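Student: what follows is a predicted structure for the sequence shown.
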Amino acid sequence: MSRLVVKVGGAVATESADRILGLREEGHQVVVVHGAGPQITQEMQRQGIPVQFVHGRRRTSRRALDVVRESLVTVNTDLCAALGEVAVPVIGDVAGVLAVPVPPLGWVGDPLPCRPKPILAALASGKVPVVAPLAVGPLNVNADDASAALALGLGAERLVFLTDVPGLYVDDEVVGSIRAGDANRLLDAGAFDGGIIPKLRAAALAAASGITAHIGSTAVVA
């Protein structure tokens, strides 16, 4: 039985339930990591909290961290409801997800590969752990980075990004595949902006470690 980590964006979280369940029905162990980007931004704007991103990662004040947690818990609850009884909610910092603090970004962390016991217990019982990407601290962790770190820590064979874009655009066209080294060179050259940066960085990290990664229809390979 192969183990997959599936990352779903906050914009497509509940709509992704059928695809997640389909992967499980194919016989895979599935770990889900979700974001809540649109929900967090909307609530921060409503509360008058500045919204700033650095290389695709959200600058997070202590006040913003409260919004992050509330938004992630809401998305987690909704996604678990959409998945049904197979879903097990996992709030990352409570479960023991680990990260290295990144003080210039505020209450933010770079996630470390780890094997949180609640995730392993859910998989052992045939369930689907649904992970909200917070780390012990508490720290806000980018969901793309968290999915790659968990894929490494849990020994996953594949990392799948379910997103609202069809794949990776290079020169205005979706590419079928890209090598991790080429992806990193393009990232270093500033060829991309916005949310694709952490996705591609995470996919390249996973691919370089032997994990097949897909962003939409684009395969990121070693």
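Tutor: Perfect, thanks for sending it. Residues are numbered from 1 along each chain as shown.

Student: A strand includes residue 197, no?
Tutor: No: counting by DSSP: H, G, I helix; E, B strand; the rest coil, residue 197 is located in no strand; its state is helix.

Student: pull the longest helix from this protein.
Tutor: In the chain, taking DSSP state H as the definition, the longest helix is helix 62-83.

Student: adjacent strands (with direction) for the next helix or strand after that helix?
Tutor: Following helix 62-83 in sequence order, the next helix or strand is strand 87-91 (DSSP states H and E). Using DSSP bridges, the strands paired with strand 87-91 in its sheet are strand 128-132 (parallel).

Student: the following helix or strand past the partner strand - contacts with which helices or strands?
Tutor: Once the chain leaves strand 128-132, the next helix or strand it forms, by DSSP H and E, is strand 134-135. Counting contacts by 3 or more C-beta pairs under 8 Å, 6 or more residues apart in numbering; DSSP states H and E, strand 134-135 packs against helix 62-83, helix 92-95. Just so you know, the C-beta spots here come from the backbone N, C-alpha and C atoms, and that holds for glycine as well.

Student: tell me the most buried of those?
Tutor: helix 92-95 (a mean of 22; mean count of other C-beta atoms under 10 Å).

Student: using CSV, write down the CA coordinates of that one.
Tutor: Provided in CSV are the C-alpha atoms of helix 92-95 (Å, rounded to 0.1, in the frame of the first residue of the first chain):
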residue,chain,number,x,y,z
GLY,A,92,-0.5,20.6,13.7
ASP,A,93,0.9,22.3,16.8
VAL,A,94,-1.3,20.1,19.0
ALA,A,95,-0.2,17.0,17.2
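
Student: so what strands line up beside the helix or strand just after that helix?
Tutor: Sequence order places strand 99-101 as the next helix or strand after helix 92-95, per DSSP H and E. Within its sheet, strand 99-101 is paired with strand 109-111 (antiparallel), according to DSSP bridges.
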